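Novice: Okay, here's the prediction I keep looking at, along with the sequence it came from:
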Amino acid sequence: MVEARGPLQKSVTILGATGSIGDSTIDLIQRNPDSYRVVALTAHSNAAKLASHARALKPEMVALADEGAYRELKDALAGTGIRVAAGAESICEAAGLDADWVMAAIVGAAGLQPTLTAVRRGAQIALANKECLVCAGSLFMNAVTEHGATLLPTDSEHNAIFQVFDFDQRDKVSRIILTASGGPFRTLGHNEMGLVTPAQAVAHPNWSMGAKISVDSASMMNKGLEVIEAHHLFGMPENKIDVLVHPQSVVHSLVEYADGSTLAQLGSPDMRTPIAFCLGWPARLDAPVAKLDLAKLGMLSFEAPDDVRFPCLRLARTALQVGGAAPTILNAANEIAVARFLGGEIGFLDIAGTVEDTLEKMASPQIATIDDVIAVDAEARRVATQGAGQRAQRRNVAAAE
Ligand code: NAD
Ligand code: MG
């Protein structure tokens, strides 16, 4: 089943192969199938989609986190010779298989252990899963250094910075500037934001993405998580990481130097550009992305973020300043709140409220090990679930009155 590896083939694994980033990665791989050998594909529970990708890409192994979906996947791949596994450990097992390059595209802190497994064998990691960096920050970066892994930032802003950041003269970088689209509620007032529906929140104006990151974009928690992500990836202090709202999503981020130069990376809002950059690194690939026509665009606009209407950005900055367990708590509470919002239980403004309450209710112990991260993450989920439940109850009472 597994063909001999050609001299120029890169072996690749995709964690989160059925998601938005997974789809874009697979699209690029399928355009140059001879250049890649797929080692493993993983997903949460979508057996049919994972099986279809597996039939096309012929990996050694596929794994689903949800054990309940094992039978369906096993039956769908009967006779292919592809190893099928299920359960959280099987995702780590897949990440541990010998692949040169791993796309880390699981959503949420669920991606931490599998991504770390790939880090610990010194692989090249295309990092889309920002939550694992937010919740485990320095411990994650220490593991990258200790095991000689290579981190390739895939998040569009961080990929842009990676492309224009002068690592040999980092003392001459005065500021990095993350651009933000502002999301679907950029111009909405506070009261209107209290009434928005999950369908409105996931309808991003420029990017097509998974539900969780789409809600994070709408609340601007995504930009808050990205400030923390940038701090760890580029070793910049919080006060040298700025956010600039840029509704067209063409300038993906900027690096400002001591001599007054500001370098930016521009491109169409299509994740296949940063993914291709990571997949080919250090070489550039061809990507099927619409080239920019600046004359046609005519105008690019920029504005300062409003952290009164978008408190999540402020909460994330504070968590980064406080340090210790605060970013882990912020991330876990946000994951719970977003899931409750998507489930129709709490309102949009309750997302920031739940995160703020959880940060206030929990002391921020220092985090020394990954086990500490996992324990704090679990406790923050418990506290946030309780807080979101109370908010849901108050909402139901108000609706009944
Ligand atoms: P998505 O929801 O479309 O896909 C998530 C993937 O993770 C799916 O394959 C799903 O099956 C898998 N998954 C979910 N829970 C899991 C679990 N508990 N165990 C194992 N696998 C699980 O999300 P996405 O939009 O592709 O985003 C993935 C990650 O990339 C997120 O961290 C997001 O912040 C980041 N990111 C996404 C984009 C984008 O354009 N979509 C851009 C930048 C960064
Ligand atoms: Mg981004």
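Specialist: Arrived safely. Ligands and ions are numbered 1, 2, ... in the order given.

Novice: Measure how buried the closest residue to residue 230 other than its chain neighbours is and give me the count.
Specialist: The shortest distance from residue 230 to any non-neighbouring residue, by Cβ to Cβ, 6 or more residues apart in numbering, is to residue 241 (5.2 Å). Any C-beta I mention is one placed from the backbone N, CA and C, and that applies to glycine too. Residues contacting residue 241 under the criterion other Cβ atoms under 10 Å number 21.

Novice: Taking the stretch 1-150 of the chain, what residue is nearest to ligand 2?
Specialist: Proximity of the stretch 1-150 of the chain to ligand 2 (Cβ to the ion) peaks at residue 130, 7.5 Å away.

Novice: so the residue nearest to residue 230 bridges to which residues?
Specialist: Residues in a beta bridge with residue 241, per DSSP bridges, are residue 176.

Novice: Any residues of the stretch 201-350 of the chain in contact with ligand 1? List them.
Specialist: Contact residues (Cβ under 6 Å from any ligand atom) of the stretch 201-350 of the chain with ligand 1: 207, 209-210, 212-213, 271.

Novice: before we move on, the earlier item: which ones are touching the residue of the stretch 1-150 of the chain closest to ligand 2?
Specialist: 155, 225-226, 229 (Cβ atoms under 8 Å, 6 or more residues apart in numbering).

Novice: same question, residue 272
Specialist: Contacts for residue 272 (Cβ under 8 Å, 6+ apart) come out as 24, 27-28, 287-289.

Novice: Domain map for the protein?
Specialist: 10-153, 156-305, 323-401 (automatic domain parsing).

Novice: which of the ones you listed is buried the deepest?
Specialist: Of all those, domain 10-153 has the most neighbours on average by mean count of other Cβ atoms under 10 Å, namely a mean of 21.

Novice: The nearest residue to residue 139 once chain neighbours are set aside and residue 123: what is the separation?
Specialist: What sits nearest to residue 139 in space, not counting adjacent residues and going by Cβ to Cβ, 6+ apart, is residue 370, at 5.9 Å. For residue 370, the distance to residue 123 equals 18 Å [Cβ to Cβ, to the nearest Å].

Novice: Next: residue 160.
Specialist: For residue 160 relative to residue 123 (Cβ to Cβ), the value is 23 Å.

Novice: ditto for residue 234
Specialist: Counting by Cβ to Cβ - residue 234 and residue 123 are separated by 21 Å.

Novice: now swap in residue 188 and tell me
Specialist: To residue 123, residue 188 is 42 Å away according to Cβ to Cβ.

Novice: Below-threshold pLDDT in the chain: ranges please.
Specialist: Counting by pLDDT under 70, the ranges of the chain that qualify are 1-8.

Novice: Nearest residue to the residue most central in space within the chain in space, please, no chain neighbours.
Specialist: Geometric centre of the chain, nearest residue: residue 129, 3.3 Å, by Cα atoms, centre = their mean. Spatial nearest neighbour of residue 129, excluding adjacent residues (Cβ to Cβ, 6+ apart): residue 111 at 3.9 Å.

Novice: Flag every residue of the stretch 101-250 of the chain that's near ligand 2.
Specialist: Residues of the stretch 101-250 of the chain lying close to ligand 2 (Cβ under 5 Å from the ion) are 155-157.

Novice: From those, pick the one nearest residue 248.
Specialist: Set against residue 248, the nearest of these by Cβ to Cβ is residue 156 (13.1 Å).

Novice: who's in contact with that closest one?
Specialist: For residue 156, the contacting residues are 252-253, 269, 271, 273-274, by Cβ under 8 Å, 6+ apart.

Novice: Show the backbone phi and psi for the closest residue to ligand 1 within the chain.
Specialist: Closest contact between the chain and ligand 1, by Cβ to the nearest ligand atom, is at residue 19 (1.9 Å). The phi and psi values for residue 19, taken as degrees, to the nearest 10, are phi -90, psi -170.

Novice: who's in contact with the closest residue in space to it that isn't next to it in sequence?
Specialist: Spatial nearest neighbour of residue 19, chain neighbours left out: residue 210 (5.2 Å); criterion: Cβ to Cβ, 6+ apart. Going by Cβ under 8 Å, 6+ apart, residue 210 touches 19-21, 107.

Novice: Is ligand 1 within reach of the longest helix along the chain?
Specialist: As assigned by DSSP state H, the longest helix anywhere in the chain is helix 370-400. No: using Cβ under 6 Å from any ligand atom, helix 370-400 never reaches ligand 1; the gap is at least 12.5 Å.

Novice: So which elements touch that helix?
Specialist: Using 3 or more Cβ pairs under 8 Å, 6 or more residues apart in numbering; DSSP states H and E, the elements in contact with helix 370-400 are helix 112-120, helix 130-146, helix 326-342, helix 349-361.

Novice: give me that answer again for 6 Å
Specialist: Judged by 3 or more Cβ pairs under 6 Å, 6 or more residues apart in numbering; DSSP states H and E, helix 370-400 is in contact with helix 130-146, helix 326-342, helix 349-361.

Novice: Tabulate these in JSON lines, adding columns for distance to residue 258.
Specialist: Shown next, in JSON lines, are the helices and strands packed on helix 370-400 (distance: least, Cβ to Cβ, whole Å):
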{"stretch": "helix 130-146", "distance to residue 258": "25"}
{"stretch": "helix 326-342", "distance to residue 258": "29"}
{"stretch": "helix 349-361", "distance to residue 258": "35"}
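
Novice: can I get the CA coordinates of the host helix or strand of residue 253 in PDB?
Specialist: Using DSSP states H and E, residue 253 sits in strand 251-257. The C-alpha coordinates for strand 251-257 follow below in PDB (Å, rounded to 0.1, in the frame of the first residue of the first chain):
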ATOM      1  CA  VAL A 251      -2.000  43.400   4.400                       C
ATOM      2  CA  HIS A 252      -1.500  40.400   6.600                       C
ATOM      3  CA  SER A 253       0.800  42.000   9.100                       C
ATOM      4  CA  LEU A 254       3.800  44.300   9.400                       C
ATOM      5  CA  VAL A 255       7.200  44.600  11.100                       C
ATOM      6  CA  GLU A 256       8.500  48.000  12.000                       C
ATOM      7  CA  TYR A 257      12.300  48.600  12.300                       C
END
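
Novice: Is that strand in proximity to ligand 2?
Specialist: No: Strand 251-257 stays clear of ligand 2 (Cβ under 5 Å from the ion), getting no nearer than 8.2 Å.

Novice: And that strand, what does it pack against?
Specialist: helix 156-164, strand 173-180, strand 262-266.
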